[in-house]
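> Here is a sequence with its predicted model. Questions after.
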Amino acid sequence: MIDRLPASNPLPSQVGVVVIGAGAAGIAAAQRLIRPGLSLLVLEARNRLGGRAWTQRVEGEGLDMGCGWLHSADDNVLAGRVEAEGLTLDQTPPPWRTQAFDHEMTPADQADFRQAFDAFDQRVSEAAALFRAGLGEDRPASDFFDPDGRWNARIDAISGAMNGARFAEVSSLDYDAYGDTGVNWRVREGYGRLIARLGEAVSGRVVLDCAVRRIDRSGPLLRLETSRGELTARAVILTVPNSLIATEAVRIDPPVPTLLEATAGVPLGLASKVHMTVRGAGDFQPDTQLWVRGDTAQTGGYHLRPFGRPMIEAYFGADLAWGLEAQGPAAVVDFAVSELVAALGSDMRRRLEAVAVSGWGVDPWSRGAYSHALPGHAGDRAKLRGAVEDRIFLAGEATAPVYYGTAHGAWMEGERAADAVLESLGLDPRRDDGDSEA
């Protein structure tokens, strides 16, 4: 059972370590911190575990509303835990790795697009290498488009999916730093379900529906003001999205200007999803992909028949996603259906039915999907990993140097922060036999 403290039951007055947020980073940190003698509490504003890893159950299927792919799966610390948790590891290649990349593109077009994207990536990598050698500057990744390139708009649309932002808003150095082994797997029952299952190991220390509003660092102990009352702690691991720190929805007081500047330099972009059932799904090959338009970045990507299901998963990113979410779920669905009708025929309108729509941009506990560094701000991720007074530690996908934007990157960062806390308390991260209450 997850601890849902009754309203009449106050929080403990003092805790050794408080983890704020029960997403992948928070769960990983809490698992690392469980040891005899160390008091621990995890405070989560939502009424569930997982954060931006969330699986909805619809007609017996697990639909991931947030992260859905075990990226770099052959080097992913969570991949080996899927089957151990009784879930199904699916190794079907992703649609962007297959030849059936686009429903309408000819094989020659597919090859031409891949060549153009690879050439773009190479130009960015060369520029990043020069920067690291002390030459040049950290420019927007869009500076490295081919000025006469046929595929620039589609590359930028894909940036919306990859980064949650157009390449004009993405640091070329940060983009180049991302670690991608090219191996991508899935959890049949849902990636969010995996994270929630892993969270069960610490569920007895989690308090849900408990939003932290302020961390007062003016005294010898940290004082936390929450929607459920106040408490003090010796150390805090803050795993909420950067957007909440940058806007001071979770306020550190007195403020830490360098931290606020770094969170603003690594903002959250946005990616939105629509899961739709489709009648007559046999018209489409399983696990293929459709990009409807190549002349504009204001378009979505469509995963046809994921897992072979009679469904289509629509994916929108960047400014398109922000604009649609601002209009409400119906606008997101209407855009998806309209694009599919334009590409596949008017009968698609009666064949499609939306069953789940994400809304990370309008979610008050995320205010975005995942992070990207702005041009000139690639170094801000490292700044976010620095502790405040050796007692406030940040962790999450935004602090990950290589696997940013991923659940496993967040998980690894949660473990890193937990080890730093243990060291700050004079405990050995490699041992779990502490004998004093901290």
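Right, received. Where do you want to start?

> what about the chain, any weak spots by pLDDT?
1-9, 97-104, 432-438 (pLDDT under 70).

> the longest helix in it is where?
Identified as the longest helix of the chain according to DSSP state H is helix 107-132.

> helix or strand right after that one?
As assigned by DSSP states H and E, the chain's next helix or strand after helix 107-132 is helix 152-163.

> where do the helices sit along the stretch 151-300 of the chain?
With DSSP state H, counting those that start in this stretch as the criterion, the stretch 151-300 of the chain has helices at 152-163, 172-177, 191-199, 242-246, 257-265.

> ok, residues contacting the second one?
The set of residues that contact helix 172-177 without belonging to it, under Cβ atoms under 8 Å, 6 or more residues apart in numbering, is 124-125, 127-128, 131-132, 138-141, 143-144, 163, 167, 372-373, 375, 377-378, 381, 401-402, 404. In this view, the C-beta of every residue, glycine as well, is placed from N, C-alpha and C.

> The longest one now?
For helix 152-163, the external contacting residues (Cβ under 8 Å, 6+ apart) are 113, 116-117, 120, 141-142, 145-146, 149, 165-167, 169-170, 175, 269, 271, 291, 293-301, 315-321, 372, 405.

> Write the ChimeraX selection for whichever of those residues are buried.
Filtering these down to the buried ones (16 or more other Cβ atoms under 10 Å) takes a single ChimeraX command:
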select :113,116,120,141,142,145,165,166,167,169,170,175,269,271,291,294,297,298,299,300,301,315,316,317,318,319,320,321,372,405
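
> so of the helices of the stretch 151-300 of the chain, which one's packed in deepest?
Using mean count of other Cβ atoms under 10 Å, the stretch among the helices of the stretch 151-300 of the chain with the largest mean neighbour count is helix 191-199, at a mean of 25.

> That one packs against which elements?
helix 24-33, strand 55-58, strand 61-64 (3 or more Cβ pairs under 8 Å, 6 or more residues apart in numbering; DSSP states H and E).

> Just the CA trace of the longest one, in PDB.
Yep, that's helix 24-33 we're talking about. C-alpha atoms of helix 24-33 as PDB (Å, rounded to 0.1, in the frame of the first residue of the first chain):
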ATOM      1  CA  ALA A  24      12.000   7.800 -11.700                       C
ATOM      2  CA  ALA A  25      14.600  10.000 -10.000                       C
ATOM      3  CA  GLY A  26      12.800  10.200  -6.700                       C
ATOM      4  CA  ILE A  27      12.100   6.500  -6.600                       C
ATOM      5  CA  ALA A  28      15.700   5.600  -7.400                       C
ATOM      6  CA  ALA A  29      17.000   8.000  -4.800                       C
ATOM      7  CA  ALA A  30      14.700   6.600  -2.200                       C
ATOM      8  CA  GLN A  31      15.700   3.100  -2.900                       C
ATOM      9  CA  ARG A  32      19.300   4.000  -2.500                       C
ATOM     10  CA  LEU A  33      18.600   5.800   0.800                       C
END
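
> Can you work out which other helices and strands pack against the helix or strand just after that helix?
Where DSSP H and E defines the elements, the next helix or strand beyond helix 24-33 is strand 40-43. Judged by 3+ Cβ pairs under 8 Å, 6+ apart, strand 40-43 is in contact with strand 14-20, helix 24-33, strand 206-207.
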